[in-house]
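Peer 1: Attaching a predicted model along with its sequence, questions to come.
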Amino acid sequence: MKIGLVQFRPELFQVKENVERGINLMKNEDADLFIFPELAFTGYTFNTKSEVEWVAEDIKGYSIRTFMDFAVSKKNNIVFGFVEKDGDKYYNSSILIKDNGDYKIYRKTHLFYEEKLFFEKGNTGFWVEDVRGIKVGLAICFDWFFPESFRTLALKGAQVIAHSANLVMPYCQEANKIRSLENRVFIATSNRWGEEVNLLNTNTFTGMSQITNPKGEVIIRLPQKGDKVKVVEINPDEALNKNINKYNNIFEDRVKKFYI
Ligand code: ACM
């Protein structure tokens, strides 16, 4: 499977321009699955609920329609984060758009900091979906901090976790080596980079998008700064083997009666 790992810095609220830049990054690359960051085309630093409402979209929204057209015409699968509107509720969501136009949405389970002021807690739970015969699961940024997120996806059969992020703390890139190792899965973290200012609020994102493999190795890490797309070929079958040695299997050896 060829993963197109996309590192990106949108301009706050400039959805159309950001979508155009996102499409341009993909259009000369050949990947089975492109993965973009969290809230990829809206920006992240919201000060008010009305800003969130302004850029929110449902399945008929501009960025989803545009990426859906691209996915179907170029035969690509694409994951990206967006502000989802469902009635009068707003979610920090990520969508998997498949090359036949099917789609599935994941709503962020673990909201970070002031996201709690603007978004509902995700209610989709973690799921996995078949992409070209490979089981792919989605997670969003701060979900990484809760080992249960990636463990649940792995137990559900995920071989590849598409982790769209707007990371602001410095730990995730190192931590995800262990998350990959302990679950024997690939984790592709597509992160944002650079600074975003909205009045008195500033966020600085850490870049260094990466893919870790079931051995806990970083197989690609992008620089701290810069819009980049890097296509990396992985062997997802490696994530099917949950044995560490002939006596230990990470799932069969779980002792659930001692866990809460
Ligand atoms: C984060 O969850 N965007 C830090």
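Peer 2: Great, that's in hand.
Peer 1: What ranges does the stretch 101-250 of the chain have for its strands?
Peer 2: Under the criterion DSSP state E, counting those that start in this stretch, the stretch 101-250 of the chain contains strands at 103-107, 128-131, 134-140, 160-164, 186-190, 193-198, 201-206, 210-212, 218-221, 228-233.
Peer 1: out of those strands, deepest packed?
Peer 2: Ranked by mean neighbour count, these are led by strand 160-164 with a mean of 30 (mean count of other C-beta atoms under 10 Å). For the C-beta atoms, the positions are set from N, CA and C on the backbone; glycine is no exception.
Peer 1: returning to that earlier point: out of the strands of the stretch 101-250 of the chain, which is closest to the ligand?
Peer 2: Comparison of the strands of the stretch 101-250 of the chain against the ligand by C-beta to the nearest ligand atom identifies strand 134-140 as nearest, at 6.8 Å.
Peer 1: C-alpha coordinates for the closest one, CSV please?
Peer 2: Coordinates of the C-alpha atoms in strand 134-140 are reproduced here as CSV (Å, rounded to 0.1, in the frame of the first residue of the first chain):
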residue,chain,number,x,y,z
ILE,A,134,-6.4,-3.3,3.9
LYS,A,135,-8.1,-2.5,7.2
VAL,A,136,-7.8,1.3,7.9
GLY,A,137,-8.9,3.1,11.1
LEU,A,138,-9.0,6.8,11.8
ALA,A,139,-8.0,8.8,14.9
ILE,A,140,-7.6,12.5,15.4
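Peer 1: residues near the closest residue in space to residue 172 that isn't next to it in sequence, how many?
Peer 2: Once flanking residues are discounted, residue 172 sits nearest to residue 144: 5.2 Å by C-beta to C-beta, 6 or more residues apart in numbering. By other C-beta atoms under 10 Å, 24 other residues sit near residue 144.
Peer 1: returning to what we had before: mean pLDDT and distance to the ligand added to the strands of the stretch 101-250 of the chain, as a markdown table?
Peer 2: Below are the strands of the stretch 101-250 of the chain laid out as a markdown table (pLDDT from 0 to 100; distance: least, C-beta to the nearest ligand atom, whole Å):
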| stretch | mean pLDDT | distance to the ligand |
| --- | --- | --- |
| strand 103-107 | 99 | 13 |
| strand 128-131 | 98 | 21 |
| strand 134-140 | 99 | 7 |
| strand 160-164 | 99 | 9 |
| strand 186-190 | 99 | 12 |
| strand 193-198 | 98 | 11 |
| strand 201-206 | 98 | 8 |
| strand 210-212 | 99 | 16 |
| strand 218-221 | 98 | 19 |
| strand 228-233 | 98 | 19 |
